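>>> Next comes the sequence, and after it the predicted model I'd like to discuss.
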Amino acid sequence: MAKKEILDKLSIYIPQKKMEEKPVERLIRLSEKRDRSINYLVVDAILQYLNREEKKA
């Protein structure tokens, strides 16, 4: 079996039902308020989630 290459890019699909919560617009506002990129906020959120979930395992 071929070894999978780890990529340094990630794109996400936001389900239609979640679009009602306007995640992109909220990220834009928060990124401006915190003077951070949207990418920074998303990666930070993912890392927090992983840390929290890995503690449960």
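In hand now; what should we look at? Residues are numbered from 1 along each chain as shown.

>>> ok, which stretches of this protein are helices?
Using DSSP state H, the helices of the chain run over 16-19, 23-34, 38-56.

>>> how distant is the shortest one from the center of its chain?
Relative to its chain's centre, helix 16-19 lies at 15 Å (CA atoms, centre = their mean, to the nearest Å).

>>> pLDDT of it, averaged?
Per-residue pLDDT over helix 16-19 has a mean of 96.

>>> List the buried residues in it.
Of the residues in helix 16-19, none count as buried by neighbour count, 16 or more other CB atoms under 10 Å. Any C-beta I mention is one placed from the backbone N, CA and C, and that applies to glycine too.

>>> hmm, who's touching that helix?
Residues from elsewhere that reach helix 16-19, judged by CB atoms under 8 Å, 6 or more residues apart in numbering: none at all.

>>> same thing with stretch 24-32?
Contacts for stretch 24-32 (CB under 8 Å, 6+ apart): 14, 37-38, 40-42.

>>> which one of the helices of the chain lies closest to Ile6?
helix 38-56 (15.0 Å; CB to CB).

>>> Could you dump the helices of the chain into JSON lines and include distance to Leu7?
Shown next, in JSON lines, are the helices of the chain (distance: least, CB to CB, whole Å):
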{"stretch": "helix 16-19", "distance to Leu7": "24"}
{"stretch": "helix 23-34", "distance to Leu7": "22"}
{"stretch": "helix 38-56", "distance to Leu7": "14"}
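
>>> for this protein, what are the low-confidence residue spans?
The model of the chain has pLDDT under 70 over residues 1.

>>> picking up where we left off before, relative to Lys9, which of the helices of the chain is closest?
Of these, nearest to Lys9 by CB to CB is helix 38-56, at 10.0 Å.

>>> Can I get that closest one as PDB, trimmed to CA atoms?
Provided in PDB are the C-alpha atoms of helix 38-56 (Å, rounded to 0.1, in the frame of the first residue of the first chain):
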ATOM      1  CA  ILE A  38      -9.200  33.500   9.800                       C
ATOM      2  CA  ASN A  39      -6.800  30.600   9.300                       C
ATOM      3  CA  TYR A  40      -5.100  31.300  12.700                       C
ATOM      4  CA  LEU A  41      -8.500  31.100  14.400                       C
ATOM      5  CA  VAL A  42      -9.600  27.900  12.700                       C
ATOM      6  CA  VAL A  43      -6.300  26.200  13.400                       C
ATOM      7  CA  ASP A  44      -6.400  27.300  17.000                       C
ATOM      8  CA  ALA A  45     -10.000  26.000  17.300                       C
ATOM      9  CA  ILE A  46      -9.000  22.600  15.800                       C
ATOM     10  CA  LEU A  47      -6.000  22.300  18.200                       C
ATOM     11  CA  GLN A  48      -8.200  23.100  21.200                       C
ATOM     12  CA  TYR A  49     -10.700  20.500  20.100                       C
ATOM     13  CA  LEU A  50      -8.100  17.800  19.500                       C
ATOM     14  CA  ASN A  51      -6.500  18.500  22.900                       C
ATOM     15  CA  ARG A  52      -9.900  18.300  24.600                       C
ATOM     16  CA  GLU A  53     -10.900  15.100  22.800                       C
ATOM     17  CA  GLU A  54      -7.600  13.400  23.300                       C
ATOM     18  CA  LYS A  55      -7.800  13.800  27.000                       C
ATOM     19  CA  LYS A  56     -11.100  11.900  26.900                       C
END
